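Trainee: Got a predicted structure here, sequence first:
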Number of protein chains: 2
Amino acid sequence: MYSKELLKGTLQTIVLKLLAENGRMYGYEITQKVKEQTEGKIQLTEGALYPSLHKLEAEGLLVTETVNIGKRIRKYYSLTPKGNVQTASKLEEFASFISTMQFLLNPKTS
Amino acid sequence: MYSKELLKGTLQTIVLKLLAENGRMYGYEITQKVKEQTEGKIQLTEGALYPSLHKLEAEGLLVTETVNIGKRIRKYYSLTPKGNVQTASKLEEFASFISTMQFLLNPKTS
DNA sequence: TGACAATACATAAGACTTCTATATATATTT
DNA sequence: AAATATATATAGAAGTCTTATGTATTGTCA
């Protein structure tokens, strides 16, 4: 598990990318997928995830779909066209940021 | 310039690494060095840098040295032994975080 | 069948980091 | 003489995430 600060600013990017890849997902599924794909190194907390999802929805990047699974409600999130565009630009920005940081922190080798 | 959020959590790492590399530096020098080395892509603001330096000092990772340049005061910061240890571990953590993120955001190619 | 863990949603309060704006003062360039 | 660069610093605000908590259903194991 990484120090809390590092993850800041990357949560939205992670969520958007996962949705772009998987079509539609629900909150709990996202936390599990991230945990699984990072071998537990990144674990999203619900207190961070849900506000973030709601914010992305309010911004028009996501839409929701409510499905009843037995007596339980499940809320699926998926990207809007606007969300797709944002995802691409967020990923680009992150990639560029990483390469800048790598250069800054390791000027001799990269 | 990157979105503000991305930088969060990396400022301390940047500062520590620069000090490890350059021996001792003063605040303004740090902002200029980062700007120069990243071709303006990362620009530290004073409002972020000074509180961060003070915090690192309070934690015993940095020590200060005040020097008079003419009538102007200049405050040099340098790493303590504890600061050196922290720097190494921060850099390691960051490298690991980056590789996890790259895997997560681009599972096909990396 | 009873208890516990996993699934699934969500919010409130607070911590922490960083930004914007502001203040102060000297040195250098035009 | 004015503007810009150098140099430190703080206050207030914004934003993100954590911790803690709450609710309810479903599955598993003893």
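Mentor: In hand now; what should we look at?
Trainee: Return the angle between stretch directions for the longest helix along chain A and helix B:81-105.
Mentor: Using DSSP state H to assign secondary structure, the helix with the most residues in chain A is helix A:81-105. An angle of 140 degrees separates the directions of helix A:81-105 and helix B:81-105 when computed by axes from the mean of the first three to the mean of the last three CA atoms, to 10 degrees.
Trainee: Please identify the buried residues of helix A:81-105?
Mentor: For helix A:81-105, burial by neighbour count (16 or more other CB atoms under 10 Å in any protein chain shown) applies to A:83, A:86-87, A:90-91, A:94, A:97-98, A:100-101, A:104-105. Bear in mind the C-beta positions are built from the backbone N, C-alpha and C, glycine included.
Trainee: can you list the residues you listed in a markdown table and add distance to A:Q12 and pLDDT?
Mentor: Putting the buried residues of helix A:81-105 into a markdown table (distance: CB to CB, whole Å; pLDDT from 0 to 100) gives the following:
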| residue | distance to A:Q12 | pLDDT |
| --- | --- | --- |
| A:G83 | 11 | 96 |
| A:Q86 | 9 | 95 |
| A:T87 | 9 | 95 |
| A:K90 | 7 | 93 |
| A:L91 | 11 | 94 |
| A:F94 | 10 | 93 |
| A:F97 | 14 | 93 |
| A:I98 | 16 | 92 |
| A:T100 | 19 | 93 |
| A:M101 | 18 | 93 |
| A:L104 | 23 | 91 |
| A:L105 | 24 | 89 |
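Trainee: Also near chain B: which of those residues, exactly?
Mentor: Counting by CB under 8 Å from any CB of the partner chain, the subset of the buried residues of helix A:81-105 that neighbours chain B consists of A:91, A:94, A:97-98, A:100-101, A:104-105.
Trainee: Near DNA strand D, which residues of chain A are found?
Mentor: A:4, A:7-12, A:44-48, A:51-52, A:55, A:69-72 (CB under 7 Å from any atom of the strand).
Trainee: Which of the three states applies to the most centrally placed residue in chain A?
Mentor: In chain A, the C-alpha closest to the average C-alpha coordinate belongs to A:V15, at a distance of 1.7 Å (CA atoms, centre = their mean). When classified by DSSP: H, G, I helix; E, B strand; the rest coil, A:V15 comes out as helix.
Trainee: Perfect, I'm done here.
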